[in-house]
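K.L.:
Got a predicted model here, sequence first, then my questions.
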Amino acid sequence: MSIHFPGIAFNEADGQILLVSQPVEGRPTIDSTTLHALLIQEGYGDCQIDAVAVDSAAKMCNVQETSFGIEVAKRFDAQIQVHTSHDDMTAMLTVIPPMGGKAVTQEAIMQALSAAGVVFGIDETAIEQVCQLGSCTSFPVAAGAPPVHGVDATFDELIEYTVNREPKLDENGLIDYRERGEILTVQVGAALMRRTPATLGVAGHTVKGRVLAAHAGRDKRFGAAAKGAEVSAEDADLLVAAVSGQPVRVDCGVMIEPILNLKEVNMATGNIHFDGNVHITGEVVQGMTVKATGDIVVNGMVDSGTLEAGGDIQISGGVIARAKLRAGGAVSARFAEGVRIEAGTVISLKDMALECELHSLNQIIIGSDLRRGRLIGGSTTAMLLVRVGRLGSDKAGTTRVVVAMNPELDEKYAQLQARVAEEEAAEVRLSKLVKHLQSIGDPQGVLERAKASWQHAVQAWSKSLAERTELEKELALMQTAKVEIGSGADGAIDLSIGKLTARLRSEFGPGVFALGEDGHMVFTGAQGTTLPLNR
């Protein structure tokens with residue numbers, strides 16, 4: 001049933017709905033509820049109806065004796081709001097649904113995005129979804145693309161096994177002295193390493209079209225230290241062997257160490273000085289010297305000779321008569337008597353060390369098993385571990401053993417501490433300078449240079465802090481240093497762990513000398529019984 005009131009009509013202009021009333025004699029009284037129903041009947045039910053104005057209009061219609069008009073409703077199209085994230089990497093829509101007006105359209109959304117400066121990464125599927133929903137709150141419709149930074153150049157070995165001079169530590173900081181490997185050789189032309197060049201990276205964009213620069217990867221060529229190798233004539237990213245010899249991994253490459261094979265080193269051969277590896281099938285006789293940048297392998301004995309190797313020294317026989325051995329890596333032999341041995345990683349002797357001076361930066365192992373090895377007399381120093389079958393002898397002089405001592409590491413840590421302090425001070429100073437220039441407006445145009453210097457100082461300081469952390473781990477490992485004896489100890493033994501020394505003059509069974517939880521030296525026997533030593 002339709003509603004009709006003479007003299008009452010509705011006009012619409014620019015979305016405003018006006019009630020126009022002409023006074024009509026005898027017109028029935030109208031109330032706000034009826035007037036609201038009349039608005040719905042006339043097609044304005046979806047508009048924003050002003051209830052207060054409708055109530056006021058109803059009262060006026062009943063008492064007003066002259067014509068009047070009053071706004072009682074308003075028509076609104078869908079409203080579109082565009083928001084972007086603080087980094088301009090995301091654009092979001094909030095759509096308020098229409099009230100009697102036009103629904104949201106893709107065209108209207110695109111116009112709103114354009115007006116907000118959003119021009120990149122627009123998701124048309126998301127816009128279609130918004131149009132289907134008719135309304136939304138913070139709905140993402142555009143996404144920027146972060147830059148894809150370039151990848152540094154990489155170097156991949158193409159041979160099955162390459163000698164690596166760097167020692168590999170286990171979870172206890174010890175080196176597996178059993179891992180020797182064999183001498184691998186390659187021939188001229190063998191493929192050694194493949195280089196994958198750095199990539200430039202791909203620039204990114206914000207939703208407003210601002211370009212986000214990508215950092216190119218750090219490119220590197222094959223290292224200059226790759227002696228005995230050359231870049232392939234057919235492939236600039238392939239390293240091949242230029243000579244025959246043993247491949248050794250170096251920074252950004254593989255070098256080929258030539259191998260010198262000798263039956264014996266004696267007066268006929270003279271002293272040997274060789275840039276590469278030396279393999280001697282016989283002996284190094286009295287007084288002769290062998291120096292090599294790589295490894296030295298001796299199948300026989302070394303009799304009062306001098307051996308110096310940049311890599312490892314391997315001797316199948318014994319070392320006697322005041323011989324001197326020094327290796328950047330490991331030293332191994334059957335036995336040693338009255339000699340001096342220095343190793344950068346491990347000293348391992350299958351049978352015995354008698355009146356020797358042994359120094360290793362990691363560990364010293366005497367005895368192919370803990371029942372055979374003997375360490376008698378002399379001086380033995382290792383940073384982390386001395387392991388021997390039987391220590392000392394009541395028929396020999398004093399046997400001196402020192403672990404948890406590395407003066408070079410202590411000096412390096414002191415120098416690093418000083419460097420960290422200097423770099424921290426530089427970072428603080430440059431940070432204050434940058435903040436000062438930012439506050440005064442940079443009148444002389446030096447702010448960018450100051451920022452660059454500050455960033456460089458931050459990087460240098462961070463690098464030194466990381467280096468200090470690694471060094472502190474090494475120093476902490478020394479607190480776990482120990483001396484293990486497999487069958488026992490007797491005779492005069494002076495044992496030092498760090499700065500603590502115990503003069504042992506009684507017999508001990510199998511067990512371990514180490515620092516206890518309270519920082520004092522203790523001996524723990526095979527049955528777990530603990531005996532304090534230096535209190």
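P.N.:
Here it is on my side, so go on.
K.L.:
When you work out contacts or count neighbours from here on, use the C-alpha atoms and nothing else.
P.N.:
OK.
K.L.:
Buried residues in the helix ranked longest in the chain, which are they?
P.N.:
Assignment by DSSP state H gives helix 407-440 as the longest helix of the chain. Residues of helix 407-440 classed as buried: 409, 413, 416, 419-420, 423-424, 426-427, 430-431, 433-434, 437 (neighbour count, 16 or more other CA atoms under 10 Å).
K.L.:
List phi and psi for the residue nearest the centre of the chain.
P.N.:
For the chain, the residue nearest the mean C-alpha position is residue 466 (10.5 Å; CA atoms, centre = their mean). Here is the backbone geometry of residue 466 (degrees, to the nearest 10): phi -60, psi -40.
K.L.:
How much space separates it from residue 416?
P.N.:
Noted for residue 466: a distance of 11 Å to residue 416, by CA to CA, to the nearest Å.
K.L.:
got it, and residue 488?
P.N.:
41 Å.
K.L.:
What segments of the stretch 401-535 of the chain are helices?
P.N.:
Listed in chain order, the helices of the stretch 401-535 of the chain (DSSP state H, counting those that start in this stretch) span 407-440, 447-477.
K.L.:
Quick one: these as JSON lines, columns for mean pLDDT too.
P.N.:
Shown next, in JSON lines, are those (pLDDT from 0 to 100):
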{"stretch": "helix 407-440", "mean pLDDT": "82"}
{"stretch": "helix 447-477", "mean pLDDT": "81"}
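K.L.:
Low-confidence stretches in the chain?
P.N.:
Along the chain, the model assigns pLDDT under 70 to residues 1, 161-184, 442, 534-535.
K.L.:
which residue ranges form the helices in it?
P.N.:
32-41, 51-63, 106-115, 124-133, 407-440, 447-477.
K.L.:
Figure out which of these is closest to residue 224.
P.N.:
Nearest to residue 224 among the helices of the chain is helix 447-477; the distance by CA to CA comes to 24.9 Å.
K.L.:
List the buried residues in the closest one.
P.N.:
For helix 447-477, by 16+ other CA under 10 Å, it's 447, 450-451, 453-454, 457-458, 460-461, 464-465, 468, 471, 475, 477.
K.L.:
if I look at the closest residue to residue 209 other than its chain neighbours, how far off is residue 138?
P.N.:
Spatial nearest neighbour of residue 209, excluding adjacent residues (CA to CA, 6 or more residues apart in numbering): residue 120 at 5.5 Å. Distance, residue 120 to residue 138, by CA to CA: 18 Å.
K.L.:
So for the two, which residue has more residues nearby?
P.N.:
Set side by side, residue 120 and residue 138 show more neighbours around residue 120, with 21 against 14, by other CA atoms under 10 Å.
K.L.:
Kindly list the main-chain dihedrals of the more buried one?
P.N.:
Per degrees, to the nearest 10, the backbone of residue 120 is at phi -130, psi 140.
K.L.:
my guess is it meets residue 141, correct?
P.N.:
No - using CA atoms under 8 Å as the test, residue 120 is too far from residue 141 to be in contact (10.5 Å).
K.L.:
Strands along the stretch 301-450 of the chain, start to end?
P.N.:
Assigned by DSSP state E, counting those that start in this stretch, the strands in the stretch 301-450 of the chain fall at 302-303, 306-309, 313-315, 319-320, 324-327, 331-337, 340-343, 346-354, 357-360, 363-366, 374-376, 379-382, 385-391, 399-403.
K.L.:
Closest one to residue 319 out of the buried residues of helix 447-477, please.
P.N.:
residue 477 (31.0 Å).
K.L.:
contacting residues for the nearest residue in space to residue 355 that is not next to it in sequence?
P.N.:
What sits nearest to residue 355 in space, not counting adjacent residues and going by CA to CA, 6+ apart, is residue 378, at 4.1 Å. For residue 378, the contact set (CA atoms under 8 Å, 6 or more residues apart in numbering) comprises 354-357, 398-400.
K.L.:
What distance do you get for residue 378 to residue 506?
P.N.:
Taking CA to CA, one finds residue 378 at 18 Å from residue 506.
K.L.:
For the residue lying closest to residue 29 once chain neighbours are set aside, grab the count of nearby residues.
P.N.:
In space, residue 29 comes closest to residue 62 once its chain neighbours are excluded; the distance is 5.9 Å by CA to CA, 6+ apart. Neighbour count of residue 62, defined by other CA under 10 Å: 16.
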